[in-house]
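Trainee: Prediction below, plus the sequence it came from.
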Amino acid sequence: MFFKHQTAEISTEAVIGKNTKIWHYVQIRERSIIGENCIIGKNVYIDFDVVIGSNCKIQNNCSIYHGAVIGNGVFIGPNVVITNDKMPRAVNEDGTLKKSSDWKLTITSIQKGASIGSSSVILPGLTIGQYSMIGAGSVVSKNVPDFAIVFGNPANIHGYICVCEKRIIFKKNSLTYKCRCGRMYNNNNGKLTFKHV
């Protein structure tokens, strides 16, 4: 069983996991799937066929459009927009209103444990790596590696962060990095992977 505020609009075709809380004026469209123990804040729009994992927090006023696939434990700050059309137009060349068949959907993947800061925009077709962190107000226009800290417009990498939320300190030319918490990471051509946990 999940909690639904009386003002929320949830399609009968949506699937909502147990203990999820859906707050004021949320709209969840058909065939969307939301996992367990999520918090969906006030005035969030979740488009049709969106997939959201368990233990996610989606803050007020977010718009998550068709094509978004969100992993477990993801944080999405207030006013974030996850887009789905690389070349948006209202009309075709002949001036007729575009239909759903007149554009190509791209999948945007937000992977496990990632955090997206408030008022950020995620452009379509990207992968936001696991446990990465996107600073507030960023425009993300390219894939974000696992554990990367990115911010800006366009967002660029400004370091790396551990699962424990501490910055990973780099030593020049080192292939292995150790966080203060004890977690070890391998550097594979600029991509960090767990060595052990």
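Mentor: All right, it came through fine.
Trainee: domains in the protein, as residue ranges please.
Mentor: 3-161, 169-197 (automatic domain parsing).
Trainee: Below-threshold pLDDT in the chain: ranges please.
Mentor: Along the chain, the model assigns pLDDT under 70 to residues 171-172, 190, 196-197.
Trainee: give me that answer again for 90
Mentor: 86-88, 99-105, 159, 167-197 (pLDDT under 90).
Trainee: so how many other residues sit close to V150?
Mentor: Neighbourhood size, V150 [other Cβ atoms under 10 Å]: 23. C-beta coordinates here come from the backbone N, C-alpha and C atoms, glycine included.
Trainee: For R31, give me its contacts.
Mentor: The neighbourhood of R31, defined by Cβ atoms under 8 Å, 6 or more residues apart in numbering, consists of S11, E13, A14, F48, D49.
Trainee: repeat that with 7 Å
Mentor: E13, A14, F48, D49 (Cβ atoms under 7 Å, 6 or more residues apart in numbering).
Trainee: Rebuild these as a markdown table, extending it with secondary structure.
Mentor: Below are those laid out as a markdown table (DSSP: H, G, I helix; E, B strand; the rest coil):
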| residue | secondary structure |
| --- | --- |
| E13 | coil |
| A14 | coil |
| F48 | coil |
| D49 | coil |
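Trainee: Now which of the residues you listed would you call buried?
Mentor: The neighbour-count test (16 or more other Cβ atoms under 10 Å) marks A14, D49 as buried among the contacts of R31.
Trainee: now the contacts of R31 as TSV including distance to G35?
Mentor: Output for these, formatted as TSV (distance: Cβ to Cβ, whole Å):
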residue	distance to G35
E13	17
A14	12
F48	17
D49	15
